[in-house]
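S.K.: from the sequence below, what's the structure:
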Amino acid sequence: MSKTYVIYANSFDENSGGALVLHRLCDLLNQAGVRALLWPSMNALFDPWRPFHYLHRRRMERRWRRKHGEYRTFPGFHTAIATAADVRDAIVIYPEVVDGNPLQARHVVRWLLHKPGFHTGRINYGKNDKFFFFQNAFNDPSLNPDPDNLLRTVFIRDDIYKRTNFGDREGVCYILRKGAHRPMIHDTTRSIKIDGLSHREAAAVFNRVKTCISYDPYTMYSQFAALCGCDSIVVPEEGMSLASWYPDERDRYGVALGWDNLDAARESVPLLLPRLKEQEIEANQSVRRFIEKCELYFGS
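M.R.: A predicted model of the protein is given here:
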């Protein structure tokens, strides 16, 4: 009998790539025929093994809700909430930003959704953790020497992100997200910030402006901008090359790394949506391989 998978995740937020892929993973695992549940990160301080867990949990939940509101899931995904009893023999999946093992799980997967330590400056993982990575650029061979441990989830909103304006465009929009700490190289007073907009609001901007500049090299919003007809440009990090950014040329369709690659990005825009749909299929396959690897490593 397959183990239960418990995914440690923030409340669903359509503007948070991390929350989206974690909730999507839960959905895809359930679609693949295993039992998968979410553990709200608002329960981070709840120790499932302590006898007063329930009362402690209720107090902390009330405190968390006063600050953040209700824990949200996406109605289109199959995502139920785990209880303490579900954790006991489960495979717990933490994103790379989680410090230590707050659920004291016996079986731990670390999913590298970014480079380890990028957000927190700390790397505190268990010696028996099993590592998977969202894309090659995030893998750390010293933690995970297996280049086949790709785990990808994709949720393409081509119902929203599509080109509707084939006429004149003007202006610039920009994306900060994980690049918020970087120096700005364009005039932000004359451009529209995408961060914080809903998907429909962002798509409307992408269909109005000529150029989208992203300071986050890996956000899907750069591809979304290209789908809507923008010149989509990523500001490279220091020392970043095309090969170190996305080694597979297909992952660069529609998006330029700096202004020097803009012509190639424009030419490849027609290939972008088919590539994203292909990635969606590959993601489903990677989830099945993930299940096989986990059950081999942890035992079924």
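
S.K.: what comes up buried for the lengthiest helix in the chain?
M.R.: Ranked by number of residues, the top helix in the chain under DSSP state H is helix 262-298. Judged by neighbour count (16 or more other CB atoms under 10 Å), helix 262-298 contains these buried residues: 262, 264-265, 268-269, 272-273, 275-276, 279, 283, 286-287, 290-291, 293-294, 298. The C-beta positions use only the backbone N, C-alpha and C, and glycine is treated the same way.

S.K.: equivalent analysis for stretch 125-143, please.
M.R.: 125, 129-135, 137-140.

S.K.: next: stretch 97-104.
M.R.: Neighbour-count burial for stretch 97-104 [16+ other CB under 10 Å]: 97-98, 101-103.

S.K.: repeat that for stretch 210-225.
M.R.: 211-225.

S.K.: wait, W259 sits on I233?
M.R.: Yes: with contact defined as CB atoms under 8 Å, W259 counts as touching I233 (6.3 Å).

S.K.: these two - which one has more neighbours?
M.R.: Shown here are W259 and I233; by other CB atoms under 10 Å, I233 has more neighbours (24 against 13).

S.K.: leaving out the residues flanking it, which one is nearest to D99?
M.R.: N124 (4.9 Å; CB to CB, 6 or more residues apart in numbering).

S.K.: with A9 instead?
M.R.: L22 (3.8 Å).

S.K.: and the one you found, what element?
M.R.: Per DSSP states H and E: L22 is located in helix 17-31.

S.K.: residues making contact with that helix?
M.R.: Residues outside helix 17-31 that contact it (CB atoms under 8 Å, 6 or more residues apart in numbering) are 5, 7-14, 36-38, 73-74, 77-79, 93, 95, 97, 111, 113, 134, 151, 153-155, 177, 219-220, 283-284, 287, 291.

S.K.: avg pLDDT for it?
M.R.: Confidence for helix 17-31, expressed as mean pLDDT, is 92.

S.K.: next, the angle helix 262-298 makes with that helix.
M.R.: Interaxial angle, helix 17-31 versus helix 262-298 (axes from the mean of the first three to the mean of the last three CA atoms, to 10 degrees): 50 degrees.

S.K.: in helix 17-31, what counts as buried?
M.R.: Going by 16+ other CB under 10 Å, helix 17-31 has these buried residues: 17-30.

S.K.: ok, then the element right after that helix?
M.R.: strand 36-40.

S.K.: run a quick neighbour tally on the closest residue to V6 other than its chain neighbours.
M.R.: Distance criterion CB to CB, 6+ apart; nearest residue to V6, sequence neighbours excluded, is A90 at 4.4 Å. A90 has 24 neighbouring residues, counting by other CB under 10 Å.

S.K.: got it, and Y253?
M.R.: Other residues near Y253 come to 22 when the count uses other CB under 10 Å.

S.K.: from memory it sits against V269, does it?
M.R.: Yes: contact criterion CB under 8 Å: Y253 and V269 qualify, at 7.2 Å.

S.K.: what do these two both touch?
M.R.: With CB under 8 Å, 6+ apart as the test, Y253 and V269 both reach A226.

S.K.: surely I123 and K115 touch.
M.R.: No: using CB under 8 Å, I123 is not in contact with K115, being 9.9 Å away.

S.K.: so what's I81 up against?
M.R.: I81 neighbours (CB under 8 Å, 6+ apart): 37-40, 71, 73.

S.K.: 7 Å instead?
M.R.: 37-38, 40 (CB atoms under 7 Å, 6 or more residues apart in numbering).

S.K.: distance check, it against S11.
M.R.: 11 Å (CB to CB, to the nearest Å).

S.K.: and if you look at Y5?
M.R.: Computed with CB to CB, the distance linking Y5 and S11 is 19 Å.

S.K.: the two - which one has more neighbours?
M.R.: Ranked by neighbour count (other CB under 10 Å), Y5 and S11 place Y5 first, with 26 against 18.
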